[in-house]
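Chemist: pasting a predicted model and its sequence here:
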Amino acid sequence: MNQMVTLPESASLNESALWEQVNKRLLAKTLSELSWEEAINPVETGRGSFQLKLASGIRYDFHAWRSIWDQLIIDSASITKTGISGQIQHTPDVSQFFIDAQTELQMTSATLANFLEELANTLMAEVRVQSNYQQKTAAELVELVDDELQCYLDGHPKVTVSKGRMGWGQNDYQAFATEFLPDIQLEWLAVSRQHCQLSTADDLSEHQLLDAVLDPDEKQRLLETCQRLNVSLSDYFMMPVHPWQWRNRLVNMFASEVAARRIVHLGVFGDSMLPQQSLRTLSNRKRPEQLNIKLPLSILNTSCYRGIPGKYIQAGPIISRWLADIVKSDPTLASRKTIILEEPAGAFYPNPAFEQIDDAPYRYHEMLGCIWRDSVHDKVYPSENAILMATLFQRDGFNYPLICEYIHRSGLTTEQWLAKMFDVVVIPLYHLLCKYGIGLVAHGQNVTLVLENDQPARVALKDFQGDLRLIDQNFPELSSLSTYAQSVTTRLPAEYLIHDLQTGHFVTVLRFISTCLAEKGFSEARFYQLLGRQLQSYMKAHPELKTRFALFDLFQPEMARVCLNRVRFKLGYGDAQERPLPELGSPLKNPLATTFKDER
């Protein structure tokens, strides 16, 4: 296994050049995604030339090509801004764009001001991310282990303020953000069992939960601290907490619980942990095969506060074990060696004050909890390598997509490589949907592609507490899931549940992969023809699911255009009882329908 490296403090590009580069890349992403979401409307003025005239009198010009998904793929170096006086600016600022476009984006001044703060945080993080990989080639990046490689990824491809992290300052970024490869040691609390919700798999002991973070010496030190503080393990549960959360939210919000000794602060213990792309999920740097730890972080990041809801805690281990049993027994999934990264334990401690306020903003109900999750390193063979799907559309410091490097190293043609990827990733997701009525929000951070000899071999799926939904019909296949677990899981009609695959995976992952390959000469139409073929082959092999395929029809001419950025513009930054829901734009032409029709 490769050793972790320490990133240099200074970038090889000078600060001004790097800042300019980051701004133009983020401005290109902004123009692309906001035009795709129909928040702005650039007009083509010539072959590949586009112009955006704003109500403010400002004009933006750029070169782009339009993808099969109706997305403008913009050359960031081509963007210019023309002011009201006619002066042309070749290095426009992305923050200024949102000020210029306030009318079109329908943002109030309060929303715009808050948004600019979130954007400033994102820019600060992007400077670090790009300084990390600007001199690294794809060949160098793919040699990194997944936990470290995540620190080089750009993050959410659709959200413009993908690293907003409202509530953090520079010191917090350096201490806790993925791109800084920080060493994080967790704080530990002893929490009253009478007041804590706890759920564990039957074959898991609490000592195994401690082992996820504590080596024998640290475990002994923790137990000695409990003895010294008169904390009995029969009365208290040992819960790890994120150091930022403890210092900035828990120490004050749960002060009464600490004063009453229902919560006892034990101190800092355990191995160094590395934050994954999601920030609040941490892996063990010293012993990566140990359980990952998912903790609340009450910061606003990519559209919502990153807490842990208590409503799923009791059902979490039940649902993930049920899924694990399905993939072992189901021939379609077992033959593809699909992996379920189980969540064998969860704990939640409600705040007694806020629990009495039914309509309190959701972030106050999600401040103290923990979810333990299987590490993918414990599930793969020594010959295999696991990467987030988001890795595939990442580019190196020379704008070369990492997927191209994996394909080159695999010895396969692009078509052969993609066919394997669709077979081990999309088919299991679609089979879970059609056979069992299970929808998974399969975005680039929830789906892990397992490679063997750089070829797609199988998939690992995770995040089942809140990101798993069930069909609202009584599928017989759901009867093996406990009534309680079904009762706390969101139930959706088929026409909504299908969006977990179409929007969560096709639009949020495959849209960006096919674009990367198209820029290197591989046709997007051919990309979706291959996907359509793989799906049709699977469907022909399962005639018993014919009615389910009609229910979850992936080949309809149109599909929903789900818009994430517009939600923030509309809702602003006020507190809400529930997490925000996305906006819908005009329907999208479905590339699967178009290319499959052409192929027939």
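Modeler: Received, thanks.
Chemist: tell me the buried residues in stretch 137-157?
Modeler: Residues 138, 141-142, 144-157 are the ones in stretch 137-157 that count as buried (16 or more other C-beta atoms under 10 Å). The C-beta positions use only the backbone N, C-alpha and C, and glycine is treated the same way.
Chemist: now do the contacts for Ser67.
Modeler: Residues near Ser67 by C-beta atoms under 8 Å, 6 or more residues apart in numbering: Ile73, Arg511, Ser514, Thr515, Ala518, Glu524.
Chemist: show me what the longest strand along the chain is packed up against.
Modeler: Longest strand of the chain, by residue count under DSSP state E: strand 263-275. Contact analysis of strand 263-275 by 3 or more C-beta pairs under 8 Å, 6 or more residues apart in numbering; DSSP states H and E lists strand 184-192, helix 216-228, strand 236-241, helix 255-259, strand 281-284 as its packing neighbours.
Chemist: thinking again about what came up before, can you lay out the contacts of Ser67 as JSON lines showing neighbour count, pLDDT and distance to Asn230?
Modeler: Output for the contacts of Ser67, formatted as JSON lines (neighbours: other C-beta atoms under 10 Å; pLDDT from 0 to 100; distance: C-beta to C-beta, whole Å):
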{"residue": "Ile73", "neighbour count": "17", "pLDDT": "97", "distance to Asn230": "63"}
{"residue": "Arg511", "neighbour count": "22", "pLDDT": "97", "distance to Asn230": "57"}
{"residue": "Ser514", "neighbour count": "26", "pLDDT": "98", "distance to Asn230": "61"}
{"residue": "Thr515", "neighbour count": "21", "pLDDT": "97", "distance to Asn230": "60"}
{"residue": "Ala518", "neighbour count": "18", "pLDDT": "97", "distance to Asn230": "65"}
{"residue": "Glu524", "neighbour count": "18", "pLDDT": "97", "distance to Asn230": "65"}
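Chemist: of those residues, which belong to strands?
Modeler: Of the positions in these, Ile73 sit in strands, assigned by DSSP E.
Chemist: export the longest strand of the chain as PDB, just CAs?
Modeler: Extracted C-alpha coordinates of strand 263-275, given in PDB (Å, rounded to 0.1, in the frame of the first residue of the first chain):
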ATOM      1  CA  ILE A 263     -22.600  13.400  29.300                       C
ATOM      2  CA  VAL A 264     -19.000  13.200  30.500                       C
ATOM      3  CA  HIS A 265     -16.200  14.600  28.400                       C
ATOM      4  CA  LEU A 266     -13.400  12.100  28.400                       C
ATOM      5  CA  GLY A 267     -10.800  13.900  26.100                       C
ATOM      6  CA  VAL A 268      -8.900  13.100  22.900                       C
ATOM      7  CA  PHE A 269      -8.000   9.500  22.100                       C
ATOM      8  CA  GLY A 270      -7.200   7.300  19.200                       C
ATOM      9  CA  ASP A 271      -5.600   7.000  15.800                       C
ATOM     10  CA  SER A 272      -5.300   9.800  13.300                       C
ATOM     11  CA  MET A 273      -8.300  10.000  11.100                       C
ATOM     12  CA  LEU A 274      -8.500  11.400   7.500                       C
ATOM     13  CA  PRO A 275     -11.700  13.100   6.300                       C
END
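Chemist: average pLDDT for it?
Modeler: For strand 263-275, mean pLDDT rounds to 97.
Chemist: mind listing what's buried along it?
Modeler: For strand 263-275, burial by neighbour count (16+ other C-beta under 10 Å) applies to Ile263, Val264, Leu266, Phe269, Gly270, Asp271, Met273, Leu274, Pro275.
Chemist: work out the gap between that strand and the centre of the chain.
Modeler: Distance, stretch centre to chain centre, for strand 263-275: 25 Å (C-alpha atoms, centre = their mean, to the nearest Å).
Chemist: tell me the angle it makes with strand 184-192.
Modeler: Per axes from the mean of the first three to the mean of the last three C-alpha atoms, to 10 degrees, the angle that strand 263-275 makes with strand 184-192 is 150 degrees.
Chemist: strand partners of strand 263-275, parallel vs antiparallel please.
Modeler: If you go by DSSP bridges, strand 263-275 pairs up with strand 184-192 (antiparallel), strand 281-284 (antiparallel).
Chemist: after the longest one, which helix or strand is next? Please name it.
Modeler: Translated: strand 184-192. Per DSSP states H and E, the first helix or strand lying C-terminal to strand 184-192 is strand 197-200.
Chemist: show me what that next one is in contact with.
Modeler: In this structure, residues lying in contact with strand 197-200 by C-beta under 8 Å, 6+ apart are 206, 209, 237, 310, 313-318, 344-350.
Chemist: take those and keep only those in helices.
Modeler: With helices taken from DSSP state H, the overlap with those comprises Glu206, Leu209, Gly316, Pro317, Ile318.
Chemist: what about the second one, how many residues close to it?
Modeler: Other residues near Leu209 come to 23 when the count uses other C-beta atoms under 10 Å.
Chemist: from Tyr152, how far out is Leu564?
Modeler: For Leu564, the distance to Tyr152 (C-beta to C-beta, to the nearest Å) stands at 23 Å.
Chemist: ok, Val127 next?
Modeler: The spacing between Val127 and Tyr152, counted by C-beta to C-beta, is 14 Å.
Chemist: with His443 instead?
Modeler: Taking C-beta to C-beta as the measure, His443 falls 18 Å from Tyr152.
Chemist: what of His63?
Modeler: In this view, His63 and Tyr152 are 28 Å apart by C-beta to C-beta.
Chemist: now swap in Trp19 and tell me
Modeler: Applying C-beta to C-beta, the value for Trp19 to Tyr152 is 19 Å.
Chemist: and if you look at Pro275?
Modeler: For Pro275, the distance to Tyr152 equals 13 Å [C-beta to C-beta].
Chemist: and the lowest mean pLDDT element among the helices and strands of the protein?
Modeler: Every helix and strand of the chain was ranked by mean pLDDT, DSSP states H and E. The lowest is helix 591-599, at a mean of 76.
Chemist: which of the contacts of strand 197-200 count as buried?
Modeler: Taking 16+ other C-beta under 10 Å as the criterion, what is buried in the contacts of strand 197-200 is 209, 237, 310, 313-318, 344-350.
Chemist: Pro296 and Gln245 touch, don't they?
Modeler: Yes: at 5.8 Å, Pro296 counts as touching Gln245 under the criterion of C-beta atoms under 8 Å.
Chemist: got any residues that touch both of the two?
Modeler: Residues touching both Pro296 and Gln245 by C-beta under 8 Å, 6+ apart: Met367, Leu368.
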